[in-house]
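Peer 1: What follows is a predicted structure for the sequence shown.
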Amino acid sequence: MSLRFFAYFWIILFLSLSSITFAEPPIEVIYWKASDVKMPTPEKIDQLRQVMIEVQDFFAAEMDRHGFGKKTFKFNEDIEIIKGEKKISEYNPFPIDINETSLIEYGLDNQIYVVFVGGAETFIGSNGLAKGLCRTVPENLKYCNHLVLIPAEDDLYFTPVVAHEIGHAFGLAHSLKRFILNSNSVDIMYQTQIVTRGIKDELKNYALNREDATFLNENGRLSIQKAYQDGSQGINADVNGDGYIDLYDVMIVRSGMQNPTTYDTDINNDGVTDENDLALVKLKAMEAIIAASPSKPRFKLTTTWGTLKIQ
């Protein structure tokens, strides 16, 4: 039993890491606190986390509406809090100074940072900003991380703003048409957001156009099924029905991606056997392995609403 356990552990771990290496990194979420802004309450951080979940659900629903499955992004729910050195008025016109932190980096790994700026209801000339953090490598090729800046106190309509600016980070351009064809929904990438002061705007009023959804599907930025986030506990990954979720199930799903099989390898029930199904069965196999391993005492310092970063 011990030999079988360790053999499965290292094989599954290798297969999992080999796919994680090429996966898009999760979005990092940050709360920027200027020196004259109070620390956010746990309720405020929870509100921002819920905003990200709503935006995540929006992309999943819109991708599914266009026939691509409930593809969306992952984000780190442990929201970081960065304490800036300046007063909020000193950051204008740019709302933060990334030189004050090592957490936000110019880079080559396609990382996206969503930064909620505490104490700000709006920015000069905009409700949100998206900016490339680009670096040129010796081969004269330019690679970029992406920075999305959102006023944290814009409670009325900043959820659509977050979705719009994240869309830019995904590579989407402004749409010239306000409404989606044959729909009363506003295009989330419409160039001029129409808002009514004092009235809350919601994502249910918006949609992705077909061209943008196709671009996101083909470019792989939205590659994580929503089932990863909220439904994996109810997924049956015992593909061969032998009472175990193990390497055999992983191999069957991997084979089912290219060859006909009598097994049901569509783990997330989206109508196709693909990388999402393979990742899910790997995840469930790892969970089974960890659950079967001897437990050791662990001590970990945690917080309920994020990690304070003081630079």
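Peer 2: Nice, I can see it.

Peer 1: the helices in the stretch 51-200 of the chain, which residues?
Peer 2: For the stretch 51-200 of the chain, the helices defined by DSSP state H, counting those that start in this stretch occupy 158-169.

Peer 1: Flag the shaky bits of the stretch 201-311 of the chain, pLDDT-wise.
Peer 2: Where the stretch 201-311 of the chain drops to pLDDT under 70, the residues are 226-234, 270, 287, 289-311.

Peer 1: how about the strands in it?
Peer 2: Along the stretch 201-311 of the chain, the segments classed as strands by DSSP state E, counting those that start in this stretch run 206-207, 224-225, 307-310.

Peer 1: so what does the second one touch, helix or strand wise?
Peer 2: Packed against strand 224-225, as judged by 3 or more Cβ pairs under 8 Å, 6 or more residues apart in numbering; DSSP states H and E, are the following elements: strand 71-72, helix 275-292. Just so you know, the C-beta spots here come from the backbone N, C-alpha and C atoms, and that holds for glycine as well.

Peer 1: ok now the first one, how far from the chain's centre?
Peer 2: When distances are taken as Cα atoms, centre = their mean, to the nearest Å, strand 71-72 is centred 9 Å away from the chain's centroid.

Peer 1: thought Gln225 was touching Phe73?
Peer 2: No - with contact defined as Cβ atoms under 8 Å, Gln225 does not reach Phe73; the gap is 11.1 Å.

Peer 1: Who has more neighbours out of the two?
Peer 2: Gln225 (26 against 23; other Cβ atoms under 10 Å).

Peer 1: Return the distance of that one relative to Leu133.
Peer 2: Remark: distance between Gln225 and Leu133 (Cβ to Cβ, to the nearest Å) = 28 Å.

Peer 1: Also Phe123?
Peer 2: According to Cβ to Cβ, Phe123 and Leu133 sit 18 Å apart.

Peer 1: What of Ser183?
Peer 2: Per Cβ to Cβ, Ser183 is found 35 Å from Leu133.

Peer 1: How about Asn209?
Peer 2: In terms of Cβ to Cβ, Asn209 sits 27 Å off from Leu133.

Peer 1: before we move on, what about Val37?
Peer 2: Going from Val37 to Leu133 by Cβ to Cβ gives 23 Å.

Peer 1: neighbour-wise, which of Ser183 and Leu133 wins?
Peer 2: Using other Cβ under 10 Å, the more surrounded residue of Ser183 and Leu133 is Leu133, with 17 against 10.

Peer 1: Which pLDDT value goes with that one?
Peer 2: Looking at Leu133, its pLDDT reads 92.

Peer 1: can you pull the contacts of it?
Peer 2: By Cβ atoms under 8 Å, 6 or more residues apart in numbering, the contact set of Leu133 is 98, 104-107, 144-147.

Peer 1: Tell me the one among those residues nearest to Thr265.
Peer 2: Closest approach between the contacts of Leu133 and Thr265, by Cβ to Cβ: His146, at 34.4 Å.

Peer 1: and the gap between that closest one and Tyr31?
Peer 2: Distance, His146 to Tyr31, using Cβ to Cβ: 18 Å.

Peer 1: got it, and Asn276?
Peer 2: Noted for Asn276: a distance of 31 Å to Tyr31, by Cβ to Cβ.

Peer 1: neighbour-wise, which of the two wins?
Peer 2: Using other Cβ under 10 Å, the more surrounded residue of Asn276 and Tyr31 is Tyr31, with 24 against 21.

Peer 1: Can you check the pLDDT for the more buried one?
Peer 2: The model reports Tyr31 with a pLDDT of 98.

Peer 1: That one looks like it's in a helix, true?
Peer 2: No - counting by DSSP: H, G, I helix; E, B strand; the rest coil, Tyr31 is not found in a helix; it is strand.
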